[in-house]
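# Below: sequence and its predicted model.
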Amino acid sequence: MEASTAEDWKIIGSQFGSFAGKLPDRVLAHLALLEGDCGGFAVDRLTHSLQTATLAHRDGRDEEYVVCALLHDVGDTLGSYNHADIAAAILRPFVSEENFWMVEKHGIFQGYFFFHHLGLDRDLREQFRGHRWFARTEEFCAKYDGPAFDPRAETLPLAFFEPMVRRVFARPRRSLYVSDKGGMPAGPDRAVAGGAR
Ligand SMILES: [Fe+2]
Ligand SMILES: [Fe+2]
């Protein structure tokens, strides 16, 4: 890395786009891994994800919100002890701050419904009371994430949401490697910055 030149990065930059462009395929493939594991629930993890997205969509939520609903548990496989962090990290370049926060904190807010059955503090979310996106996250769990375990409820197929995922992941809105001031303009250099090692 230290010995790399601008010439090298021109070559790397020219190839980054095709790899990054397949990110929606990898995300969708990873989401599909949730199929088949119910974990004691009445529906498997993929059905829960689809139902959460279906509820949000039927309630008139915008596309970005619906995609967040679809992917909020995508971290279940690799983040078995911190699944919300994984989903939030994947979504972060592509969604608003409020949607990122909502996905990142949903595990704690969802806990209000069941943590007390496990000897945990159901009010753990209270540490965030007063935060500007508290109500948004509380609502996500109450209206979409919480009820989405019903084997009889409408469950739109993954194919229905696939174009939404592709559109939301088409272009990063921001990069961890670019100052927040000024946003995230399009362009191959910025695309590389979005995926810098
Ligand atoms: Fe979750
Ligand atoms: Fe969930």
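Perfect, thanks for sending it. Everything quoted here is computed from the prediction, not taken from an experiment. Numbering: from 1, shown residues only. Ligands and ions are numbered 1, 2, ... in the order given.
# Can you give me the neighbour number for Thr77?
15 (other C-beta atoms under 10 Å). Heads up, the C-betas are built off the backbone N, CA and C, glycines and all.
# In space, what's closest to it - neighbours in sequence excluded?
Leu33 (5.4 Å; C-beta to C-beta, 6 or more residues apart in numbering).
# Distance check, that neighbour against Val27.
11 Å (C-beta to C-beta, to the nearest Å).
# between these two, who's got more neighbours?
Neighbour count, other C-beta under 10 Å: between Leu33 and Val27, Val27 has more, with 22 against 14.
# how about that one, what does it touch?
Leu71, Val74, Ile90, Val165, Phe169 (C-beta atoms under 8 Å, 6 or more residues apart in numbering).
# Torsion angles phi and psi at the spatially closest residue to Pro147 that is not a sequence neighbour?
Nearest in space to Pro147, with sequence neighbours left out and distances taken as C-beta to C-beta, 6+ apart, is Leu55 at 6.6 Å. Taking degrees, to the nearest 10, you get phi -60, psi -40 for the backbone angles of Leu55.
# For Leu55, give me its contacts.
Here Leu55 is in contact with Ala69, Lys143, Tyr144, Pro147, Ala148, Ala153 (criterion: C-beta under 8 Å, 6+ apart).
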